[in-house]
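A.B. asks: Got a predicted structure plus its sequence, pasted below:
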Amino acid sequence: MNALTVDNLSVTYDKSPVLQRVGFEIPEGSLTGIIGPNGAGKSTLLKSVLHLIPRLTGDIKVYGKPYKEQRNLIGYVPQRSEVDWDFPTNALDIVLMGRYGHIGLFRRPKKKEISLAKEALKKVGMEDYANRQISQLSGGQQQRVFLARALVQDAQIYFMDEPFAGVDAATEKAIMNLMQQWKYEGKTVLVVHHDLQTVEDYFDHVLLLNKTPVSYGPTQQVFTMENLERTYGGAISFIGKSAQVIQERG
């Protein structure tokens, strides 16, 4: 079964098209990178699938059913820049928010939820920061807290928006290990990603996007110089297995 099916998705901002006629199917148990230049609509794609922003057209199915019927199967890690890090709360409370879908928004977490949240913080190396205010954490530490929140959601399909942006090497490795663990468990992960040099190592499927899909499929088939040039509209240099945009034009 496909974990996610997107059909004829279009999104506009102030009547300007951001996404047009986007359609693809994500197989269950895959790790998919969403790749494209700035302004390509990558984050917009995630938000529209998650019903966080309105769409002009489009049909979204999660495991064959409408999103609203399957939302408890979904975990989401937003961009760090979209989070109010000055909000007066600590790391443990942020992780506990990931359990609200299971216990209800207005019910107090019980010992089970607190234990799960602490265990998740331990898995991402943040157990000693449980009571630390989130504004006092480094960028990498903040991202690890959000990973712990995703862990306790116990979702079947995860959406991650630029999870590697601005983090240190140790945090990037921790994120990658977690995503590989989810894949091993048969879960599905979609990741907005910008570093072309790690695509082949990180993802088994790739969606190349520039407002409309350029190509989608297994990484070895899709992640080619020709497709990257079509996606970025400029010259691409391959360095060994990796690719790097060396010029954008037009």
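C.D. replies: On my side now, so go ahead.
A.B. asks: and the closest residue in space to Pro88 that isn't next to it in sequence, backbone torsions?
C.D. replies: Excluding its sequence neighbours, the residue lying closest to Pro88 (C-beta to C-beta, 6 or more residues apart in numbering) is Gln133, at 7.0 Å. All C-beta atoms are positioned from the backbone trio N, CA, C, and that covers glycine. Dihedral angles of Gln133 (phi, psi; degrees, to the nearest 10) stand at phi -60, psi 140.
A.B. asks: Tell me the spacing between the residue positioned nearest the centre of the chain and Val192.
C.D. replies: Taking C-alpha atoms, centre = their mean, the centroid of the chain lies closest to Met160, which sits 1.3 Å from it. According to C-beta to C-beta, to the nearest Å, Met160 and Val192 sit 7 Å apart.
A.B. asks: what's stretch 170-181 in contact with?
C.D. replies: 31, 123-125, 140-141, 143-144, 147, 151, 158, 160, 163-164, 167, 189, 191, 202 (C-beta atoms under 8 Å, 6 or more residues apart in numbering).
A.B. asks: thinking again about what came up before, what sits against the residue nearest to the centre of the chain?
C.D. replies: By C-beta under 8 Å, 6+ apart, Met160 lies in contact with Tyr76, Val77, Ala150, Met179, Val189, Leu190, Val191, Val192.
A.B. asks: try 7 Å this time
C.D. replies: Shown in contact with Met160 (C-beta atoms under 7 Å, 6 or more residues apart in numbering): Val77, Val189, Val191.
A.B. asks: which secondary structure element contains the second one?
C.D. replies: Take DSSP states H and E as the rule and Val189 turns out to sit in strand 188-192.
A.B. asks: and that strand, which strands flank it?
C.D. replies: strand 31-35 (parallel), strand 157-161 (parallel) (DSSP bridges).
A.B. asks: Check what pLDDT the spatially most distant residue from the centre of the chain gets.
C.D. replies: The centre of the chain is farthest from one residue, Lys111, which by C-alpha atoms, centre = their mean lies 29.3 Å away. Note for Lys111: predicted pLDDT of 82.
A.B. asks: Distance of it relative to Lys118?
C.D. replies: According to C-beta to C-beta, Lys111 stands 10 Å off from Lys118.
A.B. asks: again, but for Ser215
C.D. replies: As for Ser215, its distance to Lys118 is 43 Å (criterion: C-beta to C-beta).
A.B. asks: got it, and Tyr13?
C.D. replies: 41 Å.
A.B. asks: Over to Gln220?
C.D. replies: On the measure of C-beta to C-beta, Gln220 and Lys118 end up 40 Å apart.
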